[in-house]
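Undergrad: Could you look at this predicted model? Sequence included:
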Amino acid sequence: MLYQNSFHSLHKNGGSHRRVILTQHRIWRSAAMNATEVQTGIAHIYSRVNASRNGSMVYLDDLSANNTVIDIFTMGILIITMISLGCTMEISKIKDHVLRPRGVAIALVSQFGIMPLTAFCLAKILQMDPIKAGTLLICGCSPGGSLSNIFSLAIKGDMSLSIVLTTSSSFAAMGLMPLLLYIYCQGFPGLEKAVPYAGITLTLVFTLVPCAMGIAINHYKPNYSVVVKKVGLGILIVSSILLVIMSCAAIKDLIWTAFTPENLVAAALMPLIGFILGFVLSLICGLSAKCSRTISMETGCQNIQLCFAILKVAFPLEVIGPMFFFPLIYMSFQCIEAFLLTLCFRCYQTFKEPAEDTRYASVEIKHEEVKQP
């Protein structure tokens, strides 16, 4: 009856009503199609993404050849990064922190409690679509990266704790990351079925083996670990540049669509929230300022190489599309904010009262004098 009245109105009132009803019909049809796509998973949402260029249609389905090369480079970069990270670890330091696990426990709670929840809240507040939300959740659930070690050194943190935290969070991520993704994906209809948990777990396993190899090299052949780190750094820089170039060439028509307002806001807020809440939580739990600064950097700095690897290996490039570059946007804000925090801390150290310096120095001197025979 409703449709009959609508068609009578069409004939009666002219073309303007016809356009209104046709527009409503398209909206209902589009909404139904979108709901179906979400329920069947992300893989079907952008499986036929296309772009118009010079009057011709360019489909992302033709990227299979480039995908293989990019997969190899992505996994190669991840393996080199984890071997280099393992070469910085000492088994004696691991034992010390295992026997006194308070700092490690607080850092893991901060890493896998604050960041995934922050990513989930931002995705909801910014009303992200399933692909964007899934990408943000993967970044939020990732463990700490080696970049945190650099900024922990710059901010005068506990380097021993920093390295142990980066390694322990990488091992913990093998179980926690798929679990957290499954929990938080429940808040996005269809996303929990679309996330390839097996592929993510397999990628995490591949990160642990080279990390263990690096630890073994540093323990049994410490002279070789220096060479491995230097050579690995050179290969890492060259491979990363080639990976970015190949990825840009593969989706050059859609790359700029990753720079949306919601992506930029999420990439800017998530690391900043991690830095602040990680520091505050550590102070509340009674850790020293030095350890709190370290945990702050570990919380806010995610393993971007791992994010790239998961997005590339677990999701086809024609599915993830330009969101493959979101970790790069996130890393840019992460570095800028960590640098600004380090700069603020250095300025505070420079201009703080001399009496405060003397008081802290005297405590350290007395501590050292007690140890002397």
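TA: Yes, it's here.

Undergrad: all contacts plus neighbour counts: C-alpha atoms, from now on.
TA: OK.

Undergrad: got the contact list for residue 338?
TA: By C-alpha atoms under 8 Å, 6 or more residues apart in numbering, residue 338 lies in contact with 151, 297.

Undergrad: mean confidence score for the strand or helix carrying it?
TA: In this structure, residue 338 sits in helix 326-351 according to DSSP states H and E. Mean pLDDT, helix 326-351: 88.

Undergrad: in the stretch 1-150 of the chain, what spans have low per-residue confidence?
TA: The stretch 1-150 of the chain contains residues with pLDDT under 70 at 1-71, 73-74.

Undergrad: ok, which stretches of it are helices?
TA: Remark: helices assigned in the stretch 1-150 of the chain by DSSP state H, counting those that start in this stretch are 2-13, 15-39, 64-87, 91-99, 102-109, 115-125, 130-141, 147-154.

Undergrad: Next: the stretch 201-350 of the chain.
TA: 222-250, 261-284, 289-300, 304-314, 317-320, 326-351.

Undergrad: Where among these is average confidence lowest?
TA: Mean pLDDT is lowest for helix 317-320 among the helices of the stretch 201-350 of the chain, at a mean of 70.

Undergrad: any idea how far residue 301 is from the closest residue to residue 311 other than its chain neighbours?
TA: Nearest residue to residue 311, sequence neighbours excluded (C-alpha to C-alpha, 6 or more residues apart in numbering): residue 324, at 6.3 Å. As judged by C-alpha to C-alpha, to the nearest Å, residue 324 and residue 301 stand 18 Å apart.

Undergrad: Which one of the two is surrounded by more residues?
TA: A direct count of neighbours by other C-alpha atoms under 10 Å for residue 324 and residue 301 places residue 301 higher, at 32 against 25.

Undergrad: From residue 334, how far off is the more buried one?
TA: Distance, residue 301 to residue 334, by C-alpha to C-alpha: 7 Å.

Undergrad: Mutual contacts of the two, please.
TA: residue 271.

Undergrad: Sticking with the residue nearest to residue 205 when sequence neighbours are not counted, tell me its helix or strand.
TA: Once flanking residues are discounted, residue 205 sits nearest to residue 174: 6.8 Å by C-alpha to C-alpha, 6+ apart. In the assignment (DSSP H and E), residue 174 maps to helix 159-185.

Undergrad: Quick one: list the elements packing against that helix.
TA: Other elements packing on helix 159-185 under the criterion 3 or more C-alpha pairs under 8 Å, 6 or more residues apart in numbering; DSSP states H and E are helix 91-99, helix 102-109, helix 115-125, helix 130-141, helix 147-154, helix 191-194, helix 197-220, helix 289-300.

Undergrad: buried set for the second one?
TA: This points to helix 102-109. 103-104, 106-108 (16 or more other C-alpha atoms under 10 Å).

Undergrad: Widest-spaced pair of these?
TA: Checked with C-alpha to C-alpha, the buried residues of helix 102-109 reach their widest spread between 103 and 108, with 8.6 Å between them.

Undergrad: circling back to that earlier point, report the buried residues of the helix holding residue 338.
TA: For helix 326-351, by 16+ other C-alpha under 10 Å, it's 326-331, 333-335, 337-338, 341-342.

Undergrad: ok, these vs residue 285, which is closest?
TA: Distances from residue 285 to those, taken by C-alpha to C-alpha, are shortest for residue 341, at 21.5 Å.

Undergrad: Just name the closest of the buried residues of helix 326-351 to residue 142, please.
TA: residue 327 (10.9 Å).

Undergrad: Find the nearest non-adjacent residue to that closest one, please.
TA: On the basis of C-alpha to C-alpha, 6+ apart, the spatially nearest residue to residue 327 that is not a chain neighbour turns out to be residue 304, at 6.0 Å.

Undergrad: try residue 278
TA: Using C-alpha to C-alpha, 6+ apart, the nearest residue to residue 278 is residue 296, at 4.5 Å.

Undergrad: so what's the one you found up against?
TA: Counting by C-alpha under 8 Å, 6+ apart, residue 296 touches 274-279.
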